[in-house]
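Q: Structure for the following, please:
(chains A and B)
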Amino acid sequence: MVFLRKSLPVILACAFAFAPLFSFANTDADSVQVTTTSLENHSGDHHAEEPQSKKEKINAYIEHHLQDSHDFTFFSDEETGKHYGFSLPVIIYDNGLKVFSSSKFHHGETVAEVEGNFYKLYHGKIYKTDAAGTIEYDEAHHPTNAKVLDFSITKNVVGLLIACVLLFLMFAGYARQFKKRGSNAIPTGFARVLEPLVLYVRDEIARPNIGEKKYKKFMPYLLTVFFLIWLLNLLGLTPMGINVTGNIAVTMCLALFTFFVTQFSGNKDYWKHIFWMPGVPVPMKIVLMPIEILGMFTKPFSLMIRLFANITAGHAVVMGLIAIVFLFQQQLSVGGSIGISFVLTLFISVIELLVAFLQAFIFTMLSSLFIGMAVEEHHHDDHH
Amino acid sequence: MTIPNLVGAGLIVIGGGLGLGKIGGSAMDAIARQPEAAGKIQTAMIIIGALLEGLAFGALILGA
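A: The predicted structure follows:
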């Protein structure tokens, strides 16, 4: 672990060195016997949306980017139908755990056969099908095929793993310095970048909102949330395009953590203010109770929505501005459309860098605010 | 996206914009009056802005 004291490029290089690990699962080196059936009979009432115009194609592409996926596709060659990228392992539970590579799906174009069962990837979800890969629909155009329990290492999971490894490397090195050199020594190397951020979270976020006496207990949670969200937001801005914090399941988990931390650290005063608000007439207490109970849930709900919507909107805007290159070639000439797209994308990307930090800050700030409300000591001698 | 959806989205954006404008304007006034309290005012401004943003985004997502 000597390299921990090295600089950021080394850590970044390590992260990228980890990435090919996930491309391991290829067709020859698979433990499960899998054969692939090609799907030539695409005719009939086929729902395979072949986007016609450029606009529809771009919309489909942006939608695809915003969603989680079972493989990394960096770009596709339209004429040959080849996709460039790497596959990720698929882990499904369907009468026993089955592990195979997502290259079997060929991006949803073929049916994967695993131990006599057939699976098809349709809009990012895995369905059980017959050998021909038929997918049946109900009136609302939703597939009615049986779903399977999907524990796959998807793009978002890879993103989270990368963030975990990076955070662990960064903070393990930072913590070791304290052990070695005492808590008052000036940190060296990358830890020098982390120190002011940690102090910022402590002095500007936790201390004023939670209170001098109690903030220490919540520092680990707040620091974890802050750095995890920030790192995931920044990872989303790399060309890998892992949209982790733009996944509502991820933000819901983060919001649930804040919810549970708040509720379990709430003191007597906090619950009293929810169920029987002191200092107001009894009819008002009865009116206020449901509102306060609702407020318990709307706070984490808005945390979830805010992070999800901000990051999703940011990604959509960047993708949309890049699409100018393809949409305005006639009006602006090729060079002009590229130039305008470049300038606008650069502008928005810089704003997105700010948003990436701001959203991490806001999430941590509001979490500590909610926790602070829950642990606050009230003095009921004065007016309320 | 149907037309009522789009009109609703427009209304949400108008409301959110008015709210953010009010917050920003008041914060500017306050900072101009008391430049030494700029840090505290900014923090408060960002928190209120975030709450408003959560509201507007929630409406946008529920409406979409």
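Q: Now do the spatially closest residue to A:I210 that is not a sequence neighbour against B:Q42, distance only.
A: Once flanking residues are discounted, A:I210 sits nearest to A:G372: 4.3 Å by Cβ to Cβ, 6 or more residues apart in numbering or on different chains. Bear in mind the C-beta positions are built from the backbone N, C-alpha and C, glycine included. For A:G372, the distance to B:Q42 (Cβ to Cβ, to the nearest Å) stands at 19 Å.
Q: re the thing from before, the residue nearest to A:I210 contacts A:R207, correct?
A: No: A:G372 sits out of contact with A:R207 when judged by Cβ atoms under 8 Å, with a separation of 10.0 Å.
Q: Comparing A:G372 and B:Q42, which shows the higher neighbour count?
A: Shown here are A:G372 and B:Q42; by other Cβ atoms under 10 Å in any protein chain shown, A:G372 has more neighbours (20 against 13).
Q: Next, the contact list for the residue positioned nearest the centre of chain A, please.
A: The residue lying closest to the centre of chain A (Cα atoms, centre = their mean) is A:V244, at 1.8 Å. For A:V244, the contacting residues are A:N156, A:G159, A:L160, A:A163, A:L232, A:L235, A:G236, A:V250, by Cβ atoms under 8 Å, 6 or more residues apart in numbering or on different chains.
Q: Pull out the buried residues from the residues you listed.
A: For the contacts of A:V244, a burial check counting by 16 or more other Cβ atoms under 10 Å in any protein chain shown picks out A:N156, A:G159, A:L160, A:A163, A:L232, A:L235, A:G236, A:V250.
Q: And the third one, how far from A:L235?
A: In this structure, A:L160 and A:L235 are separated by 9 Å, where distance is defined by Cβ to Cβ.
Q: Helix or strand for A:Y270, just tell me which one.
A: Element membership of A:Y270 [criterion: DSSP states H and E] is helix A:268-275.
Q: contacting residues for A:T245?
A: Residues counted as contacts of A:T245 (Cβ under 8 Å, 6+ apart) are A:I229, A:L232, A:N233, A:G236, A:T251, A:L307, A:F308, A:I311, A:Q359.
Q: so which of these are also by chain B?
A: Contacts with chain B within the contacts of A:T245, counted by Cβ under 8 Å from any Cβ of the partner chain: A:F308.
Q: Please flag which of the contacts of A:T245 sit within helices.
A: A:I229, A:L232, A:N233, A:G236, A:T251, A:L307, A:F308, A:I311, A:Q359 (DSSP state H).
Q: any idea which of those is closest to B:I48?
A: Using Cβ to Cβ, A:Q359 comes nearest to B:I48 of the ones in helices among the contacts of A:T245, at 15.8 Å.
Q: What's the local residue count around the nearest residue to A:F297 once chain neighbours are set aside?
A: Once flanking residues are discounted, A:F297 sits nearest to A:F259: 7.7 Å by Cβ to Cβ, 6+ apart. Other residues within reach of A:F259, judged by other Cβ under 10 Å, total 20.
Q: I'd guessed A:F259 sits against A:P300; true?
A: Yes: using Cβ under 8 Å, A:F259 is in contact with A:P300, at 4.1 Å.
Q: is it true that A:S103 touches A:S87?
A: Yes: at 3.9 Å, A:S103 counts as touching A:S87 under the criterion of Cβ under 8 Å.
Q: Dump the contacts of A:V244 into CSV; add distance to A:M365 and pLDDT as well.
A: Below are those laid out as CSV (distance: Cβ to Cβ, whole Å; pLDDT from 0 to 100):
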residue, distance to A:M365, pLDDT
A:N156, 25, 90
A:G159, 24, 91
A:L160, 23, 93
A:A163, 21, 93
A:L232, 17, 94
A:L235, 22, 91
A:G236, 21, 89
A:V250, 19, 93
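Q: mind listing what's buried in the lengthiest helix in chain B?
A: Among the segments of chain B that qualify as a helix by DSSP H, the longest is helix B:3-33. Buried residues in helix B:3-33, counted by 16+ other Cβ under 10 Å: B:G8, B:A9, B:I12, B:G16, B:G19, B:L20, B:I23, B:A27, B:A30, B:I31.
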